[in-house]
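Visitor: Kindly return the folded structure for what I paste below:
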Amino acid sequence: MKAAFSILWCLALAFPVFAAPPAEPGFIGTYEGESIGKSTTGRSFVLELAVTRQNGSYSLTASMNDTNREAGMDHTSNTHWDWSGTGTLQGDCLAFTYDAHDAEPRKGTLCRDRRGFILTLSGIRYRVRLITHP
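Guide: Coordinates of the predicted model:
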């Protein structure tokens, strides 16, 4: 009887650990940042990336700005563009498909690393930081 009680007691203590949902990496919020790496002709910036979640699916909307100044140009050009997408968690990353409204939908990721978050769009990586969290 004493052994059965001990086993039940251990199970009662362990059950909340097994029953608790897995911790979410916490991607919901608003981010900003810039492209990683040096370019002699320009930079790309994430002006605002908003990530929300509803019914288990993530929605993303972003405003971007690219700067460009090539040899012989007397000014820096700025290109503002927006995109939106939806995605799901895949490990430590939020994988999504996004549409910039000027081409076919593309794939992107928002991943957590040791220093924060990395956004990847069409091979361009951005170091982004969370500026607001719900």
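Visitor: Every contact and neighbour count from this point should use C-alpha atoms.
Guide: Will do.
Visitor: Mind checking what secondary structure the most centrally placed residue in the chain has?
Guide: Nearest residue to the geometric centre of the chain (Cα atoms, centre = their mean): residue 110, 2.8 Å. What DSSP: H, G, I helix; E, B strand; the rest coil gives for residue 110 is strand.
Visitor: Roughly how far does it sit from residue 124?
Guide: Using Cα to Cα, to the nearest Å, residue 110 is found at 12 Å from residue 124.
Visitor: go on, residue 115?
Guide: Here residue 115 is placed at a distance of 18 Å from residue 124 (Cα to Cα).
Visitor: between the two, who's got more neighbours?
Guide: When residue 115 and residue 124 are compared for neighbours, residue 124 comes out ahead with 12 against 9, by other Cα atoms under 10 Å.
Visitor: which residues touch the more buried one?
Guide: With contacts taken as Cα atoms under 8 Å, 6 or more residues apart in numbering, residue 124 has the following neighbours: 35-36.
Visitor: Ok, the one 10 residues further on next?
Guide: Contacts of residue 134 were listed using Cα under 8 Å, 6+ apart, and they are 28-29.
Visitor: Could you pull out the helices in this structure for me?
Guide: Counting by DSSP state H, the chain forms helices over residues 2-19, given from the N-terminal end onward.
Visitor: now residue 121, which residues is it bridged with?
Guide: Partner residues in beta bridges with residue 121: residue 108, residue 124, with DSSP bridges as the criterion.
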